[in-house]
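*Asks:* Structure, please.
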Amino acid sequence: MSKDPTFRVLGGLPSRSERYEAYRREWDRREAAQDASDHPVHVDLESVAVCDLRCGSSEEDPQGFCQIWTHEHIRTQGFDQHTYQRGYMDPVLYGRLIQQCADIGVSSIKLNYRGEPSLHPRIVSFIREAAGLGFPDIMMNTNGNGGARKNPQLFAQMVEAGITDLMFSVDACDPETYHRQRVGGNWEILLNSVRSAVRTRADGKGAPDCRIRASVVRTHLNAEHVDSGRMEEFWKGKMGVDWMSISECYFPAGTTHHWKAAEWRQMDASQFQCSDPYRRMVVTWDGRHTMPCCQGFTLEIDGGGVMGVPGAPVRSLREAWATANFDRLREAHRQRTWDRPGPGGEPICQSCAVTKVPTRIAPVRDESAGKVVLPVLRG
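*Replies:* Below is the predicted model of the structure:
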């Protein structure tokens, strides 16, 4: 389970097979030993870098709180070097990368990084291909809309194809809050997607380790529903998901914004060492960039392109895992220097939300307004 201080689980974790638990023991060992070995335990393969929602965006706050739209906003301001182009992973590139993952001993695959993976026209075959290679864990974060707008049975098909961790980003337990926070989403499509996935798994058509999660970004809009238990009651009690996770709302690079429902305290290197660089790898949709954590939006820790990318050195996943940029980040955490302002420090870690501890702000009832609100936030 994640050590990210912004992340927590409601209730207990679902049981898993011994095969799955063995992979998780290696995941934990990498953290304890700060050992990168010669390959990652987990790889994010960014199937798409597009999305059909603009979560949290409005005329007052055009960026919203979602990472892909934040970076699209950066791009439109003329800072192309700080983001990537949008697109869909080529199925041939995917096939080469997924086979490499199997060959070098990767245990866990996630079919997204930014973006909405269900928009990829080959997403079901991507899952089936990964399942055929025998990975203990095949993951996906999804908004539950995406390709389900045209194919209502899409998420049932994903379960049948062999997904093991299907994580629906829901953020609400009523349509009004949902449409304010998940801007552009359709509540009824989301509900149908969750129901069809849960039903298919219950009918025994999914992988033995298939688990379905509802994920929530806790904001000023939904904090009362999260804290009161109403969110968990709806998604676990009524909709039948296996478990729920809550993440405190933050912007990449630590930008202050009005969506948050927590105060934040920055940790230093004596308090925190990140484990992602020893076990996790990200590959962007075009194969041009690789990263040893999920926060490298500005490419400060780029391991370079992999496999047949025009104009770039051709590296394997194993070679990218051993590049100097990856090792530099690992060493900064081993030596506890990532928080230094100069040489040896890592600005991407200093701005990362995972190096900050949230203190949740409890909603209160405003009797004059007749509704539950958050107290005025500082900063």
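
*Asks:* Which residue ranges of the stretch 101-250 of the chain form helices?
*Replies:* 123-132, 154-161, 175-181, 187-202, 223-228, 230-232 (DSSP state H, counting those that start in this stretch).

*Asks:* Okay, now the unreliable bits of this structure?
*Replies:* Scanning the chain for pLDDT under 70 picks out 1-6, 57-85, 251-258, 295-300, 308-313, 365-379.

*Asks:* Count the neighbours of the closest residue to Arg288 other than its chain neighbours for me.
*Replies:* Spatially, and ignoring its direct neighbours in sequence, Arg288 is nearest to Gly305 (4.5 Å; Cβ to Cβ, 6 or more residues apart in numbering). Quick note: C-beta positions are derived from backbone N, CA and C, even for glycine. Using other Cβ atoms under 10 Å, Gly305 is surrounded by 21 other residues.

*Asks:* end-to-end on stretch 277-284?
*Replies:* The first and final residues of stretch 277-284 sit 16 Å from each other (Cα to Cα, to the nearest Å).

*Asks:* How far does that stretch sit from its chain's centre?
*Replies:* 12 Å (Cα atoms, centre = their mean, to the nearest Å).

*Asks:* What of stretch 136-152?
*Replies:* That offset, for stretch 136-152, works out to 13 Å (Cα atoms, centre = their mean).

*Asks:* now do stretch 137-155
*Replies:* For stretch 137-155, the distance to the chain centre is 15 Å (Cα atoms, centre = their mean).

*Asks:* shouldn't Phe7 be in contact with Met244?
*Replies:* No - counting by Cβ atoms under 8 Å, Phe7 stays clear of Met244, with 11.5 Å between them.

*Asks:* who's more crowded, those two?
*Replies:* Higher neighbour count among Phe7 and Met244: Met244, with 20 against 16, using other Cβ under 10 Å.

*Asks:* check contacts around the residue nearest to the more buried one when sequence neighbours are not counted.
*Replies:* The spatially closest residue to Met244, leaving aside those adjacent along the chain, is Leu10, at 4.3 Å (Cβ to Cβ, 6+ apart). Leu10 is in contact with Met231, Glu232, Lys236, Trp243, Met244, Ser245, Ile246, counting by Cβ atoms under 8 Å, 6 or more residues apart in numbering.

*Asks:* Dump these to TSV, plus distance to Gly147.
*Replies:* Formatted as TSV, the contacts of Leu10 follow (distance: Cβ to Cβ, whole Å):
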residue	distance to Gly147
Met231	26
Glu232	28
Lys236	25
Trp243	24
Met244	24
Ser245	23
Ile246	26
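
*Asks:* From those, pick the one nearest Thr142.
*Replies:* Closest approach between these and Thr142, by Cβ to Cβ: Ser245, at 14.0 Å.

*Asks:* before we move on, could you check phi and psi at Arg280?
*Replies:* phi -130, psi 140 (degrees, to the nearest 10).

*Asks:* show me what contacts the nearest residue to it once chain neighbours are set aside?
*Replies:* With sequence-adjacent residues excluded and distances taken as Cβ to Cβ, 6+ apart, Arg280 is closest to His42, at 4.9 Å. Neighbour list for His42: Trp27, Val106, Ser107, Ser108, Ile109, Lys110, Asp137, Arg279, Arg280, Met281 [criterion: Cβ under 8 Å, 6+ apart].
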